[in-house]
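Undergrad: 3D, please:
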Amino acid sequence: MTVVKSTLPDDARRVACDALQDTLVDLLGLSLIGKQAHWNIVGPRFRSIHLQLDEVVASARAHSDTVAERCAALGVSPDGRPETIAARFALPGPKEGWVRDNEAVQVLVESLGAAIGRLRERIEATEGPDPVTQDLLIAITADLEKQRWMFEAENFPRED
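TA: Predicted coordinates:
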């Protein structure tokens, strides 16, 4: 069933919506990684990283809403069901239990880096078929790169 008729040709819509769906999975998963680390972080930098993790979660959730709505606007139903996320999610996440502050930072650097790499592939794939979707993916990538930079700066070696 198609509720919304897209202005894009079917092939272009398929490429755009595949990129959007994969991005939705990554963003929803990234928000869960952030919350898991947020709830379980321990260590001397607890408070600052605890708050920084909430920023990642809020950003990922806001972007996921925009991505899902873009998909719907193109006439494809976005799928953010838990079973879909669990089946398709592929970013690294924290271990079970308490997570040391430096480990939480490293997990976020790795998860954000992997998400950024996947987004860059989708940016390339959507360049011709749908520059509007490509523009959205570029904006998300810029935000995630900023978040990654902030976490990576947390692990910069100290000169004592």
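Undergrad: can we go C-alpha only for contacts and neighbour counts from here?
TA: Will do.
Undergrad: and the strands in the protein?
TA: Per DSSP state E, the chain carries strands over the ranges 41-42, 99-100.
Undergrad: most tightly packed of those strands?
TA: strand 41-42 (a mean of 22; mean count of other Cα atoms under 10 Å).
Undergrad: hmm, who's touching that strand?
TA: By Cα atoms under 8 Å, 6 or more residues apart in numbering, the list of residues contacting strand 41-42 from outside reads 50, 98-101, 104.
Undergrad: tell me how many other residues surround the nearest residue to S77 once chain neighbours are set aside.
TA: Spatial nearest neighbour of S77, excluding adjacent residues (Cα to Cα, 6 or more residues apart in numbering): C71 at 6.7 Å. Residues within reach of C71, counting by other Cα atoms under 10 Å, total 24.
Undergrad: who are the packing partners of the lengthiest helix in the chain?
TA: Assignment by DSSP state H gives helix 10-40 as the longest helix of the chain. With contacts defined as 3 or more Cα pairs under 8 Å, 6 or more residues apart in numbering; DSSP states H and E, the packing partners of helix 10-40 are helix 46-73, helix 82-88, helix 101-126.
Undergrad: and the second one, what's its mean pLDDT?
TA: In this model, helix 82-88 carries a mean pLDDT of 96.
Undergrad: ditto for the first one
TA: Confidence over helix 46-73, taken as the mean pLDDT, stands at 97.
Undergrad: what is that helix packed up against?
TA: Counting contacts by 3+ Cα pairs under 8 Å, 6+ apart, helix 46-73 packs against helix 10-40, helix 101-126, helix 131-154.
Undergrad: can you check what angle separates the last one from helix 10-40?
TA: Looking back up the chat, that one is helix 131-154. Here helix 131-154 points in a direction 20 degrees away from that of helix 10-40 (axes from the mean of the first three to the mean of the last three Cα atoms, to 10 degrees).
Undergrad: no further queries at this time; thank you.
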